[in-house]
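**Q** Sequence first, then the predicted structure:
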Amino acid sequence: MLPWSFLIFTLLWQAARLWLRPRRLERALRAQGLPGRPYRPFTSDAPVKNQQSPMPLGCHDIVPYVVPLLHGAVQEHGRTSVSWNGPVPTVTIVDARLTREVMFGKSGHFEKFPRTRVLSRLLTNGLPRHEGEKWVKHRKILGRAFHLEKLKVYRFFHEFALLHSFCYGWCEVDVCPEFLILAADTISRIAFGSSYLEGRRILALQSEQVDRIKASGKMISIPGYMSLPTKNNRRMREINNEIESVLEGIIAKKMQAMQEGESTKCDLLSLMLEPNMGKTDGNGRPAAGMTIEDVMEECKMCYLASTETPPTLLAWTMILLSMHPEWQDRAREEVLGLLRLHVFFMQPQVLILYQSMMQVTMILYEVLRLYPPAIAFHRKTYKETKLGGITYPAGVVIEMPLLLIHHDPNIWGADVHEFRPDRFAEGISKASNDPSAFLPFGWGPRICIGQNFVLFEAKMVVCMILQHFEFELAPTEMELVNVLLFIACSHLSLVGINNNRVQKHRA
Ligand code: HEM
């Protein structure tokens, strides 16, 4: 009796999930005139893998190459259209004002499009995934910790000065892996006060985990799949355990040092642990801060976020400065000028130096505009919501393709696909005809918590490189690669670096 009722229940549930619900949502969207592909069960608008021809060198019109499916949808259906990810409708909206409205979340009817539980367990279950009170508490603690002055980032500046000893004369360098290692070293030392070797181990493990998750594809979200004793599943669990055991070691060392009187104000980990020190509730749990498991998840998140996007930003900056040597010269002139002043006044005040780099700032903004590491935002309606004159029922994913907004000629003008950092000469708000269309770090309460840290890191690295090297693209075939999570540039990142020429230039 029981198996039959179970079978009937499962069939009804699947019929509702795969047919009745999507059809109801489709009718509600179509009735309001939204164009797009009709729902077909068991199919998805799978991302198109690769563009036939490689992108021509010097062309920054990357939308058709990076997001061909989205590009096609906008050409065919206009700036708002429906597509399907299995039984879930996704409405793509290419509109900066509506994007800000959704991201600001004033109505409170949008939630972050959830990653599956398995993915959170295997990668990280940190701040970007939290909602409600837990998000408020963690955001407050991490927000405090990410203040530049608190992180004592200037210590890193002096250590980074060693970089110039890396290469003499002309050589070819694949900058992407170099920046990846640099990012892991930076987050290890500055955020956790731990050794760079621990950081590199975590980087290697997380990279392997991401590769394995990508290779597993949709299988990973099938209930129970991860419990199967396959070789891949076993390895993924091993990786997770090893990352956690390295982090446990780092956290234990830090807690001991803090108990022995080490300052609690000098790195991110101390600042995360500090609210807990000595204060527990009646049940022995931390009164104000996070549990150790929470701290561990936030550490994983920091490692992942720091090694995912900043290397992309740095690599594209090198590539664009190689393609546009006039901007490389302008930036170098500024850096050398500022450093001369800096030495003259004998002020090792890196934060002042950081704030004075106008040309470098404009260049980084233009790189983030043309090649934003996060190419789209996603939110899901969990209540019926009105947006831009359309009423969206609960359960619709809203996709806001930042890349298309950053490449919209209506916002940025006819030269939208040109590398023109001077459009930011009078600040972000005057760079386009929509003062808030520049959104590389998101918008609203969930704006990137690491943005100041990233911009500081990028400026320091660019400053150091410009000081010591001249660079141009290595004579290698160019190809733009679109990767699931961000615009990576692995085939583009070979950069020829010349140390001698800068030495001569300076003399
Ligand atoms: C170039 C580098 C980076 C870019 C372009 C970037 C971009 C973004 C964007 C667009 C969001 C908002 C996502 C959304 O609302 O759906 C975000 C959120 C976030 N970022 Fe970054 N990020 C960068 C680096 C970092 C770093 C280095 C960290 C930390 C170490 C970090 C930590 C976070 C966190 C914790 C959130 C979630 C905040 C919340 O939900 O309250 N990011 N980032």
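**A** That came through fine.

**Q** Report the helix or strand with the lowest average pLDDT across the chain.
**A** Comparing every helix and strand of the chain by mean pLDDT, DSSP states H and E singles out helix 499-506 as the least confident one, with a mean of 46.

**Q** and the helix or strand hosting Arg201, how far from the chain's centre?
**A** For Arg201, the enclosing helix or strand under DSSP states H and E is helix 196-216. Here helix 196-216 shows a centroid-to-chain-centroid distance of 16 Å under the convention C-alpha atoms, centre = their mean, to the nearest Å.

**Q** touching the ligand at all, that helix?
**A** No: remark: helix 196-216 sits outside contact range of the ligand, by C-beta under 6 Å from any ligand atom, the gap being at least 12.5 Å. Glycine gets a C-beta too; all of them are placed from N, C-alpha and C.

**Q** okay, the angle between the next helix or strand after that helix and helix 196-216?
**A** Past helix 196-216, heading to the C-terminal end, the next element that is a helix or strand (DSSP H and E) is helix 231-259. Using axes from the mean of the first three to the mean of the last three C-alpha atoms, to 10 degrees, one finds that helix 231-259 and helix 196-216 are set 150 degrees apart in direction.

**Q** shaky segments in the stretch 201-350 of the chain?
**A** 221, 263-266, 276-288, 342-350 (pLDDT under 70).

**Q** For the ligand, see how far away Lys380 is.
**A** Using C-beta to the nearest ligand atom, to the nearest Å, one obtains 11 Å as the distance from Lys380 to the ligand.

**Q** what's that residue in contact with, if anything?
**A** Shown in contact with Lys380 (C-beta atoms under 8 Å, 6 or more residues apart in numbering): Phe110, Glu111, Lys112, Phe113, Pro114, Gly395, Val396, Val397, Ile398.

**Q** which among those gets closest to Pro3?
**A** Gly395 (30.5 Å; C-beta to C-beta).

**Q** My guess is the closest one contacts Arg24. True?
**A** No: under the criterion of C-beta atoms under 8 Å, Gly395 is not in contact with Arg24, lying 9.3 Å apart.

**Q** Thr391 falls within a strand, correct?
**A** Yes: using DSSP: H, G, I helix; E, B strand; the rest coil, the assignment for Thr391 is a strand.

**Q** helices or strands up against the helix holding Arg201?
**A** Packed against helix 196-216, as judged by 3 or more C-beta pairs under 8 Å, 6 or more residues apart in numbering; DSSP states H and E, are the following elements: helix 117-122, helix 175-186, helix 231-259, helix 292-308.

**Q** Identify whichever of those helices lies nearest to the ligand.
**A** Taking C-beta to the nearest ligand atom as the measure, the helices and strands packed on helix 196-216 were each checked against the ligand, and helix 292-308 came out nearest at 3.5 Å.

**Q** report the angle between the axes of the closest one and helix 196-216?
**A** Using the same axes, to 10 degrees: helix 292-308 against helix 196-216 is 80 degrees.

**Q** chain center to helix 292-308: distance?
**A** 13 Å.

**Q** and that helix with the ligand, contact?
**A** Yes: in this structure, helix 292-308 sits against the ligand according to C-beta under 6 Å from any ligand atom; the contacting residues are Met301, Cys302, Ala305, Ser306.

**Q** neighbours around the first one, how many?
**A** What that stands for is Met301. 21 (other C-beta atoms under 10 Å).

**Q** That one contacts Leu127, doesn't it?
**A** Yes: with contact defined as C-beta under 8 Å, Met301 counts as touching Leu127 (6.1 Å).

**Q** Around the ligand, which positions in the stretch 51-200 of the chain sit nearby?
**A** Contact residues, the stretch 51-200 of the chain versus the ligand (C-beta under 6 Å from any ligand atom): Leu127, Pro128, Arg139.

**Q** which of the residues you listed lies closest to His324?
**A** Within those, proximity to His324 (C-beta to C-beta) peaks at Pro128, which comes in at 33.5 Å.

**Q** Tell me the confidence at the closest one?
**A** In the prediction, the pLDDT value recorded for Pro128 is 91.

**Q** Tell me, how many residues neighbour it?
**A** 16.

**Q** Surely it forms part of a strand?
**A** No: the assignment for Pro128 (three-state DSSP) gives helix, which keeps it out of a strand.

**Q** Am I right that it is in contact with Met301?
**A** Yes: shown here, Pro128 and Met301 form a contact pair, counting by C-beta under 8 Å, at 6.8 Å.

**Q** hey, what's in contact with both of those two?
**A** Taking C-beta under 8 Å, 6+ apart as the contact rule, Pro128 and Met301 touch no residue in common.

**Q** Give the closest residue to the residue nearest in space to the middle of the chain in space, chain neighbours not counted.
**A** In the chain, the C-alpha closest to the average C-alpha coordinate belongs to Thr309, at a distance of 4.5 Å (C-alpha atoms, centre = their mean). The spatial neighbour of Thr309 that comes closest, neighbours along the chain excluded (C-beta to C-beta, 6 or more residues apart in numbering), is Pro373 at 4.0 Å.

**Q** per-residue confidence at the one you found?
**A** According to the model's per-residue confidence, Pro373 sits at a pLDDT of 90.

**Q** Am I right that it sits in a helix?
**A** No: the secondary structure assignment for Pro373 gives coil rather than a helix, going by three-state DSSP.
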